[in-house]
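Student: have a look at this prediction, sequence included:
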Amino acid sequence: MHNIFKYFAVLGSFIFLFNVGVFAQDEEEEFQERTPLFQGVMIEFDIFSAAMSAINRETYSFEAAMRINLRERYFPVVEVGFAGANKISIHDYGFRTSGFFTRIGLDYNMLQPNTANTAIRRYFFVGGRYGFSPFSYDITNVAIDNDFWGNSVVRNFYDETTVKHWFEAVAGLRVEVLNNIYMGWSARLTVQLNRNRIGEISPWFIPGIGIQNAGNWGFQYTIGYKFR
């Protein structure tokens, strides 16, 4: 008898959760049907990278984004920026670069969509980006060892050109702090898609990614204005 009671209790729980899910899905579909597709465009600036660029003398990055609001749920995003580096190591190894970068992607709002009666409009999104950057770089005072003769030669490499591609997983929050003015943060994990070929001189810094590693964590704090 106890097992039969447990069976009906579990079955009832599943039926309850299923009905709640169906009800929430019906509410979501009803909201999407009565909400116009276009809900505005937001222009954002990353104030965190600008502040860090003023502090860090070796690297800099400035970027802005355009975010399109579709039914308070889907957000196509285009991000553009300019970044560079000028570093001299303790062994006089030098690296210099600068260039533009672009990211294109889509965010999805995980919170309940805002309505006309929402007091504080906010979005918590997850999404992805595809990024690329064509740039050139200089590497100076590179010591190349000669195993045969047992000595080394110092070489300089100027105007090395490349195009780097990467993918980013993104999560973040945006909150309306004043009328149509939004602030928020986002964190992202960057994975480079194309690595250097054998024998190619590897850039220390990549515009749009930063210091080159197998995977990079990044952070942004933005301020933006929504146009409607």
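Tutor: On my side now, so go ahead.

Student: so, low pLDDT: which residues of this protein?
Tutor: Counting by pLDDT under 70, the chain has low-confidence residues at 1-33, 90, 145-151, 197-199, 214-215.

Student: list the contacts of the nearest residue to R155 once chain neighbours are set aside.
Tutor: Leaving out its chain neighbours, the residue that sits closest to R155 by C-beta to C-beta, 6 or more residues apart in numbering is V142, at 5.1 Å. Just so you know, the C-beta spots here come from the backbone N, C-alpha and C atoms, and that holds for glycine as well. V142 is in contact with 93, 154-157, 201, counting by C-beta atoms under 8 Å, 6 or more residues apart in numbering.

Student: now V142: which helix or strand?
Tutor: Secondary structure assignment for V142, by DSSP states H and E: strand 122-146.

Student: gap between that strand and the chain center?
Tutor: 13 Å (C-alpha atoms, centre = their mean, to the nearest Å).

Student: roughly how far is the next helix or strand after it from the heart of the chain?
Tutor: Next helix or strand after strand 122-146 toward the C-terminus (DSSP H and E): strand 151-178. Relative to the chain's own centre, strand 151-178 is displaced by 12 Å; criterion: C-alpha atoms, centre = their mean.

Student: cool, and stretch 41-54?
Tutor: With C-alpha atoms, centre = their mean, you get 13 Å for stretch 41-54.

Student: pull the residues that contact that stretch.
Tutor: Here stretch 41-54 has contacts from 59-69, 81, 174, 182, 185, 219-228, using C-beta under 8 Å, 6+ apart.

Student: now, of the residues you listed, which are buried?
Tutor: 59-61, 63, 65, 67-69, 81, 174, 182, 220, 222, 224, 226 (16 or more other C-beta atoms under 10 Å).

Student: what about those, which are in strands?
Tutor: With DSSP state E as the criterion, strands contain 59-61, 63, 65, 67-69, 81, 174, 182, 220, 222, 224, 226 from among these.

Student: now do the domain split for the chain, please.
Tutor: 1-34, 37-227 (automatic domain parsing).

Student: related to what we said a few turns ago, quick check: the farthest pair among the buried ones among the contacts of stretch 41-54?
Tutor: Maximum pairwise distance among the buried ones among the contacts of stretch 41-54 (C-beta to C-beta): 32.4 Å, between T59 and N69.

Student: phi, psi of I55?
Tutor: phi -90, psi -40 (degrees, to the nearest 10).

Student: how many neighbours does it have?
Tutor: Residues near I55, counting by other C-beta atoms under 10 Å, number 7.

Student: show the contacting residues for it.
Tutor: Residues counted as contacts of I55 (C-beta under 8 Å, 6+ apart): none.
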